[in-house]
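**Q** Here's a sequence, model it:
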Amino acid sequence: MAWIQTVDPERAEGALARSYKAAQGRAGQVAGIIQAMSLSPSILDASMGLYIKVMYAPGGLTRRQREMLAVVVSRANDCHY
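**A** Purely as a prediction, here's the structure:
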């Protein structure tokens, strides 16, 4: 597994601290996938913006169905996220 330098939530400042706080509000924690983007808060915010738009988009699949598909794809890719 690759090693990626990250910023711990306790050491986050400014925009990153705000992004981490938002992640904690959504999921109750700052997941590793969020911390993996911590060296570039602008990319983190863009990635999370896309995720939120996809998961909460109106019409088509329900949020639950979208989450289930994400789990199935992650499992198929042997990814624990």
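**Q** For the rest of this, base every contact and every neighbour count on C-alpha atoms.
**A** Noted.
**Q** In three-state terms, label the residue nearest to the spatial centre of the chain for me.
**A** Centroid-nearest residue in the chain: I34, 4.7 Å away (criterion: C-alpha atoms, centre = their mean). State at I34, reduced to three classes by DSSP: H, G, I helix; E, B strand; the rest coil: helix.
**Q** Please determine how far it is located from R26.
**A** 12 Å (C-alpha to C-alpha, to the nearest Å).
**Q** which parts of the helix or strand harbouring M48 are buried?
**A** In this assignment (DSSP states H and E), M48 forms part of helix 41-55. By neighbour count with 16 or more other C-alpha atoms under 10 Å, helix 41-55 contains the buried residues P41, L44, D45, M48, M55.
**Q** Give me the next element, helix or strand, following it.
**A** helix 63-76.
**Q** what about dumping the CA coordinates of that next one to CSV?
**A** What follows is helix 63-76 as a C-alpha-only set of coordinates in CSV (Å, rounded to 0.1, in the frame of the first residue of the first chain):
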residue,chain,number,x,y,z
ARG,A,63,-29.5,8.3,-1.9
ARG,A,64,-29.6,4.8,-0.4
GLN,A,65,-29.3,3.2,-3.8
ARG,A,66,-26.3,5.5,-4.7
GLU,A,67,-24.6,4.5,-1.4
MET,A,68,-25.2,0.8,-2.1
LEU,A,69,-23.7,1.2,-5.6
ALA,A,70,-20.7,2.9,-4.1
VAL,A,71,-20.2,0.0,-1.7
VAL,A,72,-20.5,-2.6,-4.4
VAL,A,73,-18.0,-0.7,-6.7
SER,A,74,-15.6,-0.3,-3.8
ARG,A,75,-15.8,-4.0,-2.9
ALA,A,76,-15.3,-5.0,-6.6
